[in-house]
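Peer 1: Need a 3D model of the following:
(chains A and B, ligands or ions: 1)
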Amino acid sequence: MARDLSHWLREGLGATPFCPGCGHGILLGAVCRALDLAGVERERLLVVSGIGCAAWIPSPHLRADTLHTLHGRALAFATGAKLYRPDRVTLVVSGDGDLASIGGNHLIHAARRDLDVTVVCANNSIYGMTGGQVAATTPRGARTATTPAGNPHRPFDLCRLVAAAGASYVARYAVVQPDRVARAVARGIATPGFAFVEVVSPCPTQYGRRNDEADPARALAALRERLIGREEAEALPAGERAGRIVVGEFVA
Amino acid sequence: MSVPVTTAPVPFEPGPRYLSGNEAAADAAVAAGCDFYAGYPITPSSEIMERIAARFAELGRVFVQMEDEIASIGAVIGAVWAGAKGMTATSGPGFSLMMEALGYAAFTETPLVIVDVQRAGPCTGQATRPGAGDVQQARWGSHGDYPVIALSPWSVQEMFDLTVRAFELAERYRVPVILLAEEAVGHLRERVDVPAEVAVAGRDRDPSGPPFGTDEPQGVPPMPCFGDGADLLVTGSTHDPWGWRRTEDPEVHERLVTRLHRKVWDRRPEICRTEGYLLDDARFALVAYGFTARSALAAVRRLRAEGVPVGLLRLQTLWPFPAEEVAALARRVAWIGVPEMNLGQVQGEVRKEARCPVDGLHQVNGEVIDPRRIAAWVKEAVQWPGI
Ligand code: SF4
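Peer 2: Predicted coordinates for the structure are as follows:
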C-alpha cells in the first residue's frame, strides 16, 4: 500500500537532483517513513547534512529545519545544535565520504560521546558528486576515477567502526530493503544516545559504470544478491563471506 | 533589521578585579549572555576555555570540549542556529583550522565570536610568545570575499569591554566577530573594572520574512532559529533569500556576496573606533594597535619630552579597516610609522589610504616591541633633529 509522505516534503521542490537509478531517492522515502514510524513532530526536528549527493537528501527536500554544512562537518554542527537543544530530534543524513573519510574524526567522537543523534549514512562506496574517486568505503579491487587499476586498499567497515567507538544503536541495510531501513532509522531515533544506520545505496553513474553495474536495475539486483543477514553470515566460513554485504542490527 | 539591545546585570560580583586578559575575555562573554562554548586546548588561549567551563558549570550553560578546532566552530554554528549565543577561542594553528567554517559563518550570516590570542607564527612557531601575524588571516583566511569584524584590545580592560562589544556587533550585523588579541594581552594581569551591567544584544527571530535576503543592498535580515517554525534551509552554498541553493545563478551569487560585504563595509562609521593621542599639533604620527599601541604611546611620550611633534592613532577596530580615519590623519601629518609584531600587515593597509610616506617597524622575534626601539626608529625615520 502506498503511503502518503508528502507532508515531509518541502513545498516548491523541483525535479529530483539525483541521477536515474540512484539509491538516494529510495532512501529519502525511507527516511520520511522512519519519521512517521518514530512519531516525530516536524516542529521538533532538525536534519543536518554535509556535502555530497547524499547531503541533498534532507536539503532541500525535507520539510523541517535543515542545516547543510561543510564537507565532513555535519556531526560537529549537529553536536552544537543537539547539546544546546537536547529536547529536539536531531538527524544527520549524509554520505560515506563525508561522514567517514573527511569527517571520520567527528564520527568516532560523536559515537564516543554517545551524542543523542541518529546518523543515516548513505554508503555508495564512491565520491559521486565529484566524479567517482575512490572512497574509504570502496571495495578492494574496485575501479574508480583515481584507482584505474583497482583499489589497492581495504575499505572501512563503518558499523564495526562506530560500534567500537561506543554507539548505542548500529545497523546496516540496503535501499533494496526500504522497510528495514525505515524501521532501523525509527529505532535509532527512539534509542537514547548515538545511533548509526548505514544504508547501502547504489551509484550507477560513478561507481556502477566503472564496475559493471551501470544499469540501475542490474545494480539493484546485484546488490540484493550480495546481501546476507548477520546470523547467516556468522555461520559461514570467513572465505565464503567475501564480497557479501552483511545486513542487520549489530548493536541494539 | 534592528536587534533589541538591553542591559543585563553581570552574573558575578562587579567591581575592581585583578585579572589576566584571558580571564577578562571569559568573564565578559559570560556577562554578554554567551551560553554556548565549544573549544579545543591551545596555548596561549586555554585559560579562556577553562574559566568559561567553570562559570558555565555554575550557571547551567552549555560547554563542550571538541575533538579539534573546526569541530569547535562547527558546534558553535550549530548551537547559534539553535538559538545560542556562541563563542570559541583559539590561537594561530587552531585559527587556521577554523578558516573553512569561518567562511561558512560569514556566508550563512551566523553571529558568533572567536577570540584569537595570537602567538608568534607561522606554523607551531612560538606557542608562548606574542605575535600579531594573524591580522590579514582574520580578514582573508577563508576563501572568497566575505565580511568579518575584528577588534584589537590593548589592555585587560579592553579584553573585557571589546568581548562584550563583539557579541553586540555579531548580533547586530549577523557576522562573525574576531577578538584579535595577542599573547601579551591574554596573559597580562592588570586591574579591570567589571561593570555592574553590560549591554546585551537580542536577536530578531521573526520567522515570517526571508532569513537570507533583504530589499536593501546592505541590509541585515532577521534570523529565526531552529524550532521557530521557519523550516529553515541553512546552506553554505549560494542561496536565495529563503535559503534555496542557487549555485548556477550569477545574479543571486553576486547580490549575496555584495550584500554581505556592504552590510559591514558601509557601516564603518558605526563599527570603526580609533583613539588619538597628542595628535592636535603632530607633524608625524604612529598608527598602532593591540599591545604594540602601549609601546607606541610610551614612545610618543618619550619623543614629546624631547620635543618631537609626534602623536599616535590607535586602532581599536582592525576590520573593517578604519580607512577614513587613517586617510584624514595622513592629510595632516608628513609621515606615518606603523610598528607591529609582524612584517607589515597593517602597514600595507595604511599605505592604501595614506598619501604621505608610510614606514613600518617590524619585529617578529616573539618579544613585544620596546618603546625605546620605537622612539629611536622614529627619530631616525623623520631625521629628528635636522628637519
Ligand atoms: S552521482 Fe551517484 S550518488 Fe550522486 S546522484 Fe548520481 S547516482 Fe546518485
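
Peer 1: Which of the helices or strands spans B:Gln118?
Peer 2: Assigning secondary structure by DSSP states H and E places B:Gln118 in strand B:112-120.

Peer 1: Next: B:Ala105.
Peer 2: helix B:92-107.

Peer 1: any residue of that helix up close to chain A?
Peer 2: Yes. Using CB under 8 Å from any CB of the partner chain, a contact is recorded between helix B:92-107 and chain A, made by B:Glu100, B:Ala101, B:Tyr104. Placement of C-beta: from N, CA and C, glycine included.

Peer 1: Identify the residue nearest B:Thr108 in space, chain neighbours excluded?
Peer 2: B:Val234 (5.6 Å; CB to CB, 6 or more residues apart in numbering or on different chains).

Peer 1: Pairing partners for the helix or strand containing the one you found, with directions?
Peer 2: Taking DSSP H and E as the definition, one finds B:Val234 inside strand B:233-235. According to DSSP bridges, strand B:233-235 has the following sheet partners: strand A:65-68 (parallel).

Peer 1: how distant is the strand it pairs with from the center of its chain?
Peer 2: Relative to its parent chain, strand A:65-68 has a centroid offset of 17 Å by CA atoms, centre = their mean, to the nearest Å.

Peer 1: Same check on stretch B:103-123?
Peer 2: Using CA atoms, centre = their mean, the offset of stretch B:103-123 from its chain centre is 9 Å.

Peer 1: how about the helices in the stretch 101-250 of chain A?
Peer 2: Secondary structure of the stretch 101-250 of chain A by DSSP state H, counting those that start in this stretch: the helices cover A:104-113, A:158-164, A:178-190, A:216-226, A:230-235, A:238-241.

Peer 1: Among the ones you listed, which comes closest to B:Leu286?
Peer 2: helix A:104-113 (45.3 Å; CB to CB).

Peer 1: buried residues in the closest one?
Peer 2: A:Gly104, A:Asn105, A:His106, A:Leu107, A:Ile108, A:His109, A:Ala110, A:Ala111, A:Arg113 (16 or more other CB atoms under 10 Å in any protein chain shown).

Peer 1: want to try TSV for those, with distance to chain B and pLDDT as columns?
Peer 2: Listed next are the buried residues of helix A:104-113 as TSV, based on distance: CB to the nearest CB, whole Å; pLDDT from 0 to 100:
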residue	distance to chain B	pLDDT
A:Gly104	11	98
A:Asn105	6	98
A:His106	6	98
A:Leu107	10	98
A:Ile108	8	98
A:His109	4	98
A:Ala110	9	98
A:Ala111	11	98
A:Arg113	8	98
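
Peer 1: ok, back up a step: in its sheet, which strands sit next to the strand holding B:Gln118, and in what direction?
Peer 2: Checking strand B:112-120 against DSSP bridges gives partners strand B:86-90 (parallel), strand B:126-130 (antiparallel), strand B:176-182 (parallel).

Peer 1: can you give me the mean pLDDT across the last one?
Peer 2: Okay, so that is strand B:176-182. On average, the pLDDT along strand B:176-182 is 98.

Peer 1: Would you mind listing the outside residues contacting that strand?
Peer 2: Strand B:176-182 is touched from outside by B:21, B:25, B:102, B:105-106, B:110-118, B:130-132, B:134-135, B:138, B:148-153, B:159, B:162-163, B:166-167, B:169-170, B:290-291, B:318-319, B:341, with contacts defined as CB atoms under 8 Å, 6 or more residues apart in numbering or on different chains.

Peer 1: Stretch B:144-151 and chain A, are they touching?
Peer 2: No. On the criterion CB under 8 Å from any CB, stretch B:144-151 is out of touch with chain A, staying 13.3 Å away.

Peer 1: Could you tell me the end-to-end distance of that stretch?
Peer 2: Terminal residues of stretch B:144-151 are spaced 21 Å apart (CA to CA, to the nearest Å).

Peer 1: Okay, buried residues for it please.
Peer 2: B:Tyr146, B:Pro147, B:Val148, B:Ile149, B:Ala150, B:Leu151.

Peer 1: Turn those into a markdown table, including secondary structure and pLDDT.
Peer 2: Shown next, in a markdown table, are these (DSSP: H, G, I helix; E, B strand; the rest coil; pLDDT from 0 to 100):
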| residue | secondary structure | pLDDT |
| --- | --- | --- |
| B:Tyr146 | coil | 97 |
| B:Pro147 | coil | 97 |
| B:Val148 | coil | 98 |
| B:Ile149 | strand | 98 |
| B:Ala150 | strand | 99 |
| B:Leu151 | strand | 99 |
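
Peer 1: from those residues, which is closest to A:Val120?
Peer 2: B:Tyr146 (31.0 Å).

Peer 1: and the closest residue to chain B within the stretch 151-252 of chain A, what does it touch?
Peer 2: Chain B sits closest to A:Ala165 of the stretch 151-252 of chain A, with a gap of 11.6 Å, by CB to the nearest CB. Contacts for A:Ala165 (CB under 8 Å, 6+ apart) come out as A:Leu107, A:Ile108, A:His109, A:Ala111, A:Arg112.

Peer 1: Please name the nearest non-neighbouring residue to it.
Peer 2: According to CB to CB, 6+ apart, the nearest residue to A:Ala165 is A:Ala111 (3.7 Å).

Peer 1: so what's that neighbour up against?
Peer 2: Here A:Ala111 is in contact with A:Val162, A:Ala165, A:Gly166, A:Ala167, A:Phe194, A:Phe196 (criterion: CB under 8 Å, 6+ apart).

Peer 1: could you redo the last one with a cut-off of 6 Å?
Peer 2: By CB atoms under 6 Å, 6 or more residues apart in numbering or on different chains, the contact set of A:Ala111 is A:Val162, A:Ala165, A:Gly166, A:Ala167, A:Phe194.

Peer 1: Pass me the low-pLDDT residue ranges in the chain, would you?
Peer 2: Picked chain A for this. For chain A, the stretches with pLDDT under 70 are A:1-2.

Peer 1: should've been chain B
Peer 2: B:1, B:387.

Peer 1: count of neighbours near residue 205?
Peer 2: Picked chain A for this. 22 (other CB atoms under 10 Å in any protein chain shown).

Peer 1: ah, no, chain B please
Peer 2: 15.

Peer 1: Look up the closest residue to it, ignoring the ones flanking it.
Peer 2: B:Arg205's closest residue in space is B:Pro224 (CB to CB, 6+ apart), at 4.8 Å.

Peer 1: Ok, A:Arg33 next?
Peer 2: Closest to A:Arg33 by CB to CB, 6+ apart is A:Ala182, at 3.9 Å.

Peer 1: Quick one: name the residues of chain A near the ligand.
Peer 2: A:Phe18, A:Cys19, A:Cys22, A:His24, A:Cys53, A:Asn124, A:Gly128, A:Met129, A:Cys203, A:Pro204, A:Thr205, A:Gln206 (CB under 6 Å from any ligand atom).

Peer 1: ok, so what distance separates the first one from A:Ile57?
Peer 2: Spelled out, that is A:Phe18. Going from A:Phe18 to A:Ile57 by CB to CB, to the nearest Å gives 9 Å.

Peer 1: now swap in the third one and tell me
Peer 2: When distances are taken as CB to CB, A:Cys22 and A:Ile57 turn out to be 10 Å apart.

Peer 1: Over to the second one?
Peer 2: Counting by CB to CB, the gap between A:Cys19 and A:Ile57 amounts to 14 Å.

Peer 1: The two - which one has more neighbours?
Peer 2: A:Ile57 (27 against 16).

Peer 1: from memory the more buried one sits against A:Ser94, does it?
Peer 2: No. Taking CB atoms under 6 Å as the definition, A:Ile57 is not a contact partner of A:Ser94, at 8.2 Å.

Peer 1: Now rank the contacts of A:Ala111 by neighbours and give me the top one.
Peer 2: Busiest of those [other CB under 10 Å] is A:Val162, holding 29 neighbours.

Peer 1: Run through the strands of the stretch 1-150 of chain A in chain order.
Peer 2: For the stretch 1-150 of chain A, the strands defined by DSSP state E, counting those that start in this stretch cover A:45-49, A:65-68, A:89-95, A:118-123, A:126-127, A:133-134.
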